[in-house]
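1. here is a sequence with its predicted model. Questions after.
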Amino acid sequence: MTTEDRLYTLIAELTYLCPLRCVYCSNPTNLAAHPDRLSTADWLRVFEQAAELGALQLNLSGGEPLLRRDLEELVAGAHALDFYSNLITSGLPLTHDRLLRLKEAGLSSVQVSIQDSVPEEAERIAGRSSFEQKLEVARWVKELDLPLTLNVVLHRQNLGRIAEIIALAEHLEVDRLELANTQYLAWALENRSALLPSAAQLDSAREIAKAAKARLRGKMEVLFVLPDYYSDRPKACMSGWGKRYLLVTPDGLALPCHLAHTLPGLAFDNVQQRSLDEIWHHSAAFAKFRGEAWMPEPCKSCDRRELDFGGCRCQAFHLTGNAAATDPACGLSPQHALVSAARAAAQEPPLIPLGLRYREIRR
Amino acid sequence: MSAEAVSLALKPKLSPKAKLRLDAKTGKYILLYPEKGLLLNPTGAAILKLCKGDQSLEAIIATLAAEFQSDADVLRPEVLSFVQGLLDRGLLQAAP
């Protein structure tokens, strides 16, 4: 590791359970293999160790973090450690009273997801009735004067309504709007042909988002994230492996990213056995893709290697079978055809509507 | 940057989403907001500590000039551009 590796953000995936069944969920597809195993005391110890390592931000995420009955206690613990705590939620199941208790416990901000601006379409993607409750939660967040981020995952089935989605965010007086195109991993990779947009869809949506960003400056922050399938260069996944982020899964694995436990041959430590300090500084799995020694060509001699770190290790593995390959989203990757072929297929609408595979517990 | 210049009468204060705290690892102040943080230099930190919504930018500049033993005319452009940048990002807002 280098002196530049500094933990800023702890992502606490408190549970993989969720009332929604979103077709692009970023949890691993074998989520049943990672049940909730950490107690309240375990999580509070993890928060404390993360703060000692220098973490300033805490994302309380999942699955659906509201399903943890001890969430208020966890938020209070985070507050005592001076964390900027962000609740990343579907908004279900939540009452006004509980949100008030979370605020009183010291919660810093709330991110609510919506799937679309049209209820039926939103609920088709989420796999259950949820739209009205989400809007209600968004209104409670504002009413309690908590900062509100609205997160909308974009794909070919909702990109055409980006203007309506932005209008809805304005109506809700959202502080920050994240218009993030789907990352094609986990459940989203299984649904890729139904979700990957065409270039024309993206161009038009990007223009609308750009205009909204300029128009709403100072009032609402608008963020538009292009899918890496269209960016020609890979994204700097997690700002680099083991550089800024550490994620803890519901069963206690400490990971550099959301899906690192799907990579073969890496033994990740459990926070019930080792401290975060030991894991961050001495775990072999965290060391594996730090720095440049692991890089193949064309990354090794690329002048962008300090900008994108070779891209996403999980995308490399799930598309090429080799976690140490150049991210195939990169136009310079010898295996870029894996991405460009999918992109080519997305330029025309499918002859028959493609079915969606919902997130489910597989045994 | 927006086209209109920020008024010296404006009373800036941190928006609800922004939290200013000391980063023990670097000894510098950092402005935290959802998913991100802005590491501040000593001038930036000194400016934000004064952004409580109770005094105008002109008064803040005068305080800073005394604190840094500098000239208000020299500080003014730097402070205005810093404050404008944070207003644009919704991290500062105008107090009534």
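-> Received, thanks. Numbering: from 1, shown residues only, chains lettered A, B, ... in the order given.
2. for the chain, just list every one of the helices.
-> Since you didn't name a chain, this refers to chain A. For chain A, the helices defined by DSSP state H occupy A:40-53, A:71-80, A:96-104, A:119-126, A:131-143, A:162-171, A:186-190, A:192-195, A:199-215, A:276-282, A:284-288, A:305-308, A:313-320, A:337-345.
3. switch to chain B, please.
-> In chain B, helices defined by DSSP H lie at B:42-50, B:57-67, B:72-88, listed in chain order.
4. which one of these lies closest to A:Pro349?
-> With CB to CB, the closest approach to A:Pro349 among these belongs to helix B:72-88: 39.3 Å. Bear in mind the C-beta positions are built from the backbone N, C-alpha and C, glycine included.
5. in that closest one, what counts as buried?
-> By neighbour count, with 16 or more other CB atoms under 10 Å in any protein chain shown as the criterion, the buried positions of helix B:72-88 are B:75-76, B:79-80, B:82-84, B:86-88.
6. I'd assumed A:Thr15 was in contact with A:Trp43.
-> No: A:Trp43 is not in contact with A:Thr15 according to CB atoms under 8 Å; the separation is 10.9 Å.
7. any chance of the buried residues of helix B:72-88 in JSON lines with distance to chain A and pLDDT as columns?
-> Output for the buried residues of helix B:72-88, formatted as JSON lines (distance: CB to the nearest CB, whole Å; pLDDT from 0 to 100):
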{"residue": "B:Leu75", "distance to chain A": "23", "pLDDT": "94"}
{"residue": "B:Arg76", "distance to chain A": "21", "pLDDT": "95"}
{"residue": "B:Val79", "distance to chain A": "18", "pLDDT": "95"}
{"residue": "B:Leu80", "distance to chain A": "15", "pLDDT": "96"}
{"residue": "B:Phe82", "distance to chain A": "15", "pLDDT": "96"}
{"residue": "B:Val83", "distance to chain A": "12", "pLDDT": "96"}
{"residue": "B:Gln84", "distance to chain A": "10", "pLDDT": "95"}
{"residue": "B:Leu86", "distance to chain A": "10", "pLDDT": "95"}
{"residue": "B:Leu87", "distance to chain A": "6", "pLDDT": "93"}
{"residue": "B:Asp88", "distance to chain A": "5", "pLDDT": "90"}
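8. output the residues you listed in JSON lines, with distance to A:His34 appended to each entry.
-> Converted to JSON lines, these look like this (distance: CB to CB, whole Å):
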{"residue": "B:Leu75", "distance to A:His34": "54"}
{"residue": "B:Arg76", "distance to A:His34": "56"}
{"residue": "B:Val79", "distance to A:His34": "50"}
{"residue": "B:Leu80", "distance to A:His34": "51"}
{"residue": "B:Phe82", "distance to A:His34": "45"}
{"residue": "B:Val83", "distance to A:His34": "46"}
{"residue": "B:Gln84", "distance to A:His34": "46"}
{"residue": "B:Leu86", "distance to A:His34": "40"}
{"residue": "B:Leu87", "distance to A:His34": "43"}
{"residue": "B:Asp88", "distance to A:His34": "41"}
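9. how about stretch A:111-125, does it reach chain B?
-> Yes: under the criterion of CB under 8 Å from any CB of the partner chain, chain B is reached by stretch A:111-125 at A:Gln111.
10. pull the number of nearby residues for the residue in chain B that chain A sits nearest to.
-> Closest to chain A within chain B is B:Lys17: 3.4 Å, counting by CB to the nearest CB. Using other CB atoms under 10 Å in any protein chain shown, B:Lys17 is surrounded by 22 other residues.
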